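**Q** give me a model of this one.
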Amino acid sequence: MSGQVMPCSPQEIGSLFLFEELSPEQLGRLCAEGRVERFEAGPVYTEGDPATCFFVMIEGTVVLSRRVGGDDVEVSRTSQRGVYAGAMQAYLGDRVPQTYNNSMRVTEPTRFFVLPAQSFADIMREWFPMAAHLLEGLFFGSKNTQRAIGQRERLLALGSLSAGLTHELNNPAAAAVRATAMLRERVGKMRHKLAVIAQGPYSREALAGLIDIQERTAERIAKAPVLSPLEASDREDELADWLDDHGIPEGWRVAPAFVQAGLDTDWLEQVAAAVAEDILPGAIGWLNYTVETELLMDEIDDSTTRISHLVDAAKQYSQLDRAPHRVVDVHELLDSTLLMLSGKIGPRVRVVKEYDRSVPDVPAYPAELNQVWTNLIDNAVSAIGSTGGDGTLTVRTAREGDRLLVEFRDTGPGVPADIRSRIFDPFFTTKPVGEGTGLGLDISWRIVVNKHHGSLQVESVPGDTRFQVLLPLTAPDPGSRTETGPETTPASTTGTTDGTTPETTADTTTGTESAEEPV
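**A** Numbers count the residues shown, from 1 in each chain. Sure, this is the predicted structure:
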């Protein structure tokens, strides 16, 4: 949008804080190469357009906004003279994209001093060569630093996940190894018992009956009921008494395996009725080997199944064999992340799942959403740990209008109100030195807001902190999708809009240069 060109007064622009130290000759050059324009209420420039001009407000009211999905989110509004925006990175040349990082509009007739981008770049390099070099170093150094620390953040998360996954895999793997060794021993004893039976005075009918009992015992094991500890103890006593009454030596050793297999005294009575009294001890021993063999095979099957589930969870978490963007069931992603982090969560943190299974699948980048879940769960567990380690982590899903809510609630000490607005800032962390880089929430914000066009917010009081992720249920219009992914700074990290203090180092509206850092 073009404004009305007006006369440029060196004295007037020299009264702006940005130019107040310039000489009359320098102010004259600014007026010669730039211009004063008056804009009526409405847009001045649009985010993403080529950055052709540097704007300094003389009088009026300016509003800056950033595009999030299909919406323009207001990030600042001010009437302070001297605020500036526009082509603030022109002096970096083609080393960075020369486009507007935000949209600017005015709410009333507003006058700007407007300097062409090339003139601004030439003046910066000519009048302030040392400052230009320092700003270049700050800009690119910040990008490199954030990239390196972002990689370290991922490596730390990977190390934590690897440790947890190794711990979870070790238990079923060790159980399978132990059960395999015991199974080999039992099968060897079964072969020996078979040789003894074959050499004994057993008729063909007796052997056939024994084999039939063995088959029916194996079938019964597959349907064994789950008993309470008290029920199992009572049944063991009954079986041990029955075995002692029938002259079976060390019946107390056999009884626990029989109970686990679902056998009772009625079953043993059927066995006693089917074989001769003199071969009953041998038959019971034979059945004991059958029971132990079946139970060990069940243990091996259970252990290897658990290993398979863990591998599937790791594959689901990493999304190694999936398309980068697809429609996903968010509950699968949450479950795989919780399983991957189970070692870090530990037994002292109770995990409660409040899933609304009726919510539809959502279009997403699943691997990156898993990274968000990892960061939020890790923060919640750390918060709970800071209070002694015991607490509850609640993961809830629900539908809110045309969006899906994923909420992580913990019973930690909460986020103090004075830092709540800063927790999404890059490098801001409340963890002890060496335990956090301050990029977890920043990365999460970028993934949720910029890449998925959703929102990430926090509500917190002591004992009840809730991080809420809202994701659209439908894919946004391709025309409104931002292509920078998670490489734009969240609105919550912007500083003031007047550019008066050197502390404003993350605000594209003030001329500072660290606003867009890839992670």
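**Q** ranges for the strands of the stretch 1-150 of the chain?
**A** According to DSSP state E, counting those that start in this stretch, the stretch 1-150 of the chain carries its strands in the segments 4-6, 35-39, 42-45, 53-59, 62-68, 71-78, 84-86, 103-106, 110-116.
**Q** any buried residues in the longest one, and which?
**A** Read that as strand 71-78. Of the residues in strand 71-78, 72, 75, 76, 78 count as buried by neighbour count, 16 or more other C-beta atoms under 10 Å. Just so you know, the C-beta spots here come from the backbone N, C-alpha and C atoms, and that holds for glycine as well.
**Q** can you list the residues you listed in JSON lines and add distance to residue 389 and pLDDT?
**A** Shown next, in JSON lines, are the buried residues of strand 71-78 (distance: C-beta to C-beta, whole Å; pLDDT from 0 to 100):
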{"residue": "72", "distance to residue 389": "45", "pLDDT": "71"}
{"residue": "75", "distance to residue 389": "39", "pLDDT": "79"}
{"residue": "76", "distance to residue 389": "42", "pLDDT": "81"}
{"residue": "78", "distance to residue 389": "46", "pLDDT": "88"}
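**Q** nearest to residue 260, of the residues you listed?
**A** Lowest distance from residue 260 to those (C-beta to C-beta) belongs to residue 75, with 64.9 Å.
**Q** list the contacts of the residue nearest the centre of the chain.
**A** In the chain, the residue lying closest to the centroid (C-alpha atoms, centre = their mean) is residue 373, at 2.3 Å. Contact partners of residue 373, counting by C-beta atoms under 8 Å, 6 or more residues apart in numbering, are 333, 334, 337, 406, 408.
**Q** so where's the stretch 151-300 of the chain uncertain?
**A** 151-168, 193-194, 196-203 (pLDDT under 70).
**Q** let's go with 80 and repeat that
**A** Across the stretch 151-300 of the chain, the ranges flagged by pLDDT under 80 are 151-172, 174-175, 186-214, 218-220, 222-227, 250, 274-279, 282-283, 286.
**Q** just the stretch 301-450 of the chain next, same as before
**A** Along the stretch 301-450 of the chain, segments meeting pLDDT under 80 span 302-303, 305-325, 340, 342-344, 386-389, 418-440, 442-443.
**Q** going along the chain, name the helices of it.
**A** Here the stretch 301-450 of the chain has its helices, by DSSP state H, counting those that start in this stretch, at 330-340, 342-345, 366-385, 440-445.
**Q** any chance of those helices in JSON lines, with distance to residue 360 too?
**A** Shown next, in JSON lines, are these (distance: least, C-beta to C-beta, whole Å):
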{"stretch": "helix 330-340", "distance to residue 360": "10"}
{"stretch": "helix 342-345", "distance to residue 360": "28"}
{"stretch": "helix 366-385", "distance to residue 360": "15"}
{"stretch": "helix 440-445", "distance to residue 360": "23"}
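**Q** winner for burial among the ones you listed?
**A** Of all the helices of the stretch 301-450 of the chain, helix 440-445 has the most neighbours on average by mean count of other C-beta atoms under 10 Å, namely a mean of 25.
**Q** quick check: what element follows that one along the chain?
**A** strand 455-461 (DSSP states H and E).
**Q** now the helix or strand following that next one against helix 366-385, angle please.
**A** With elements assigned by DSSP H and E, the helix or strand that comes after strand 455-461 is strand 464-472. For strand 464-472 against helix 366-385, the angle by axes from the mean of the first three to the mean of the last three C-alpha atoms, to 10 degrees is 170 degrees.
**Q** buried stuff in strand 464-472?
**A** By neighbour count on 16+ other C-beta under 10 Å, the buried set for strand 464-472 is 465, 466, 467, 468, 469, 470, 471, 472.
**Q** one more: stretch 208-222?
**A** So, applying 16+ other C-beta under 10 Å, buried residues of stretch 208-222: 209, 210, 213, 217, 218, 220, 221.
**Q** give me the neighbour count for residue 81.
**A** 16 (other C-beta atoms under 10 Å).
**Q** then residue 277?
**A** Residues near residue 277, counting by other C-beta under 10 Å, number 9.
**Q** phi and psi next, for it.
**A** In terms of degrees, to the nearest 10, the main-chain angles of residue 277 are phi -60, psi -30.
**Q** and it, how far is that from residue 284?
**A** According to C-beta to C-beta, to the nearest Å, residue 277 and residue 284 sit 12 Å apart.
**Q** for residue 261, same thing?
**A** Taking C-beta to C-beta as the measure, residue 261 and residue 284 are separated by 13 Å.
**Q** before we move on, back to that, could the strands of the stretch 1-150 of the chain be laid out in a markdown table, adding distance to residue 457?
**A** Shown next, in a markdown table, are these (distance: least, C-beta to C-beta, whole Å):
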| stretch | distance to residue 457 |
| --- | --- |
| strand 4-6 | 42 |
| strand 35-39 | 34 |
| strand 42-45 | 28 |
| strand 53-59 | 31 |
| strand 62-68 | 13 |
| strand 71-78 | 13 |
| strand 84-86 | 26 |
| strand 103-106 | 23 |
| strand 110-116 | 32 |
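**Q** touching the helix or strand harbouring residue 244 from outside, list them.
**A** Per DSSP H and E: residue 244 is located in helix 229-245. For helix 229-245, the external contacting residues (C-beta under 8 Å, 6+ apart) are 227, 251-252, 254-256, 258-260, 263-265, 268, 284.
**Q** between these, which sits nearest residue 419?
**A** For those, the residue nearest residue 419 by C-beta to C-beta is residue 227; the value is 53.2 Å.
**Q** residue contacts, that closest one?
**A** 235, 259.
**Q** rerun at 10 Å
**A** Neighbouring residues of residue 227 by C-beta atoms under 10 Å, 6 or more residues apart in numbering: 233, 234, 235, 236, 259, 260, 262.
**Q** check residue 106 too.
**A** The contact partners of residue 106, by C-beta under 10 Å, 6+ apart, come to 1, 3, 38-44, 57, 60-63, 112.
**Q** same check, this time on residue 57
**A** Going by C-beta under 10 Å, 6+ apart, the list of residues near residue 57 reads 16, 39, 78-85, 104, 106, 110-113, 497-498.
**Q** can you rerun that using 7 Å?
**A** Contacts for residue 57 were tallied using C-beta atoms under 7 Å, 6 or more residues apart in numbering; they are 81, 82, 83, 110, 112.
**Q** dihedrals phi and psi, the third one?
**A** In this case it means residue 83. Dihedral pair for residue 83: phi -60, psi 150, per degrees, to the nearest 10.
**Q** from memory it sits against residue 60, does it?
**A** No - counting by C-beta atoms under 7 Å, residue 83 does not reach residue 60; the two are 10.1 Å apart.
**Q** when those two are compared, which one has more neighbours?
**A** Each of residue 83 and residue 60 has its neighbours counted (other C-beta under 10 Å); residue 83 has more, 25 against 18.
**Q** show the pLDDT at the more buried one.
**A** Looking at residue 83, its pLDDT stands at 90.
**Q** state the distance from it to residue 55.
**A** Applying C-beta to C-beta, the value for residue 83 to residue 55 is 9 Å.
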